[in-house]
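Asks: Build me a model:
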Amino acid sequence: MSLMRYSPSSEREEFPVGLRLFQDSVSRLFSEPSNRPWSPAVDIFENENELVLKADVPAIEMKDIDLQVENGTLTLKGERKFEQEQNGRGYHRIERGYGSFVRAFTLPDSVDADKVKAEYKSGVLTVTLSKKEVAKPKIIRVEINNN
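Replies: Okay, here's the model as predicted:
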């Protein structure tokens with residue numbers, strides 16, 4: 001019985017051309033950061049005067065973030081750009097997502113779309129939406145007469 005030496009490159013050459021191209025495409029899909037979709041994490045909370053949205057958008061400049069309120073919908077758009085190092089070093093691992101994102105949130109009728117404030121600090125975008133006066137809770141004291 002003769003021994004055969006294992007060679008991974010010779011096995012790859014036995015694949016049909018179409019399968020090899022498919023394998024290369026799939027490998028490239030998962031290795032290129034621009035093809036990975038991502039979406040920033042968002043927390044939304046409410047107090048008696050406002051609705052607050054906090055989105056984690058680190059490494060994004062404010063010029064690359066677009067915030068719109070239209071027809072009862074708050075839309076957050078942006079892009080985190082991938083900047084490859086130009087000094088010839090290669091990446092060993094890329095886990096962070098890059099590219100464009102869009103998040104849309106339906107706003108309750110109690111929000112005043114004309115009173116929106118946004119603040120960007122330490123990679124967190126905070127959007128504050130004031131409530132309409134009608135929606136704010138009112139305290140009404142009820143007196144009981146004992147006759």
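Asks: Show me the strands in the protein, by range?
Replies: Secondary structure of the chain by DSSP state E: the strands cover 42-46, 50-56, 65-70, 73-80, 99-106, 111-121, 124-131.
Asks: Can I get those in TSV including distance to Ile139, mean neighbour count and mean pLDDT?
Replies: All C-beta spots, glycine's among them, are computed from the backbone N, C-alpha and C. Putting these into TSV (distance: least, C-beta to C-beta, whole Å; neighbours: other C-beta atoms under 10 Å; pLDDT from 0 to 100) gives the following:
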stretch	distance to Ile139	mean neighbour count	mean pLDDT
strand 42-46	18	12	95
strand 50-56	18	18	95
strand 65-70	30	14	93
strand 73-80	29	17	93
strand 99-106	29	13	92
strand 111-121	21	14	91
strand 124-131	16	18	95
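Asks: Mind checking the ones you listed for the one nearest to Lys138?
Replies: Nearest of these to Lys138, taken as C-beta to C-beta: strand 124-131 at 12.3 Å.
Asks: strand partners of that closest one, parallel vs antiparallel please.
Replies: Note on strand 124-131: by DSSP bridges, its sheet partners are strand 50-56 (antiparallel), strand 111-121 (antiparallel).
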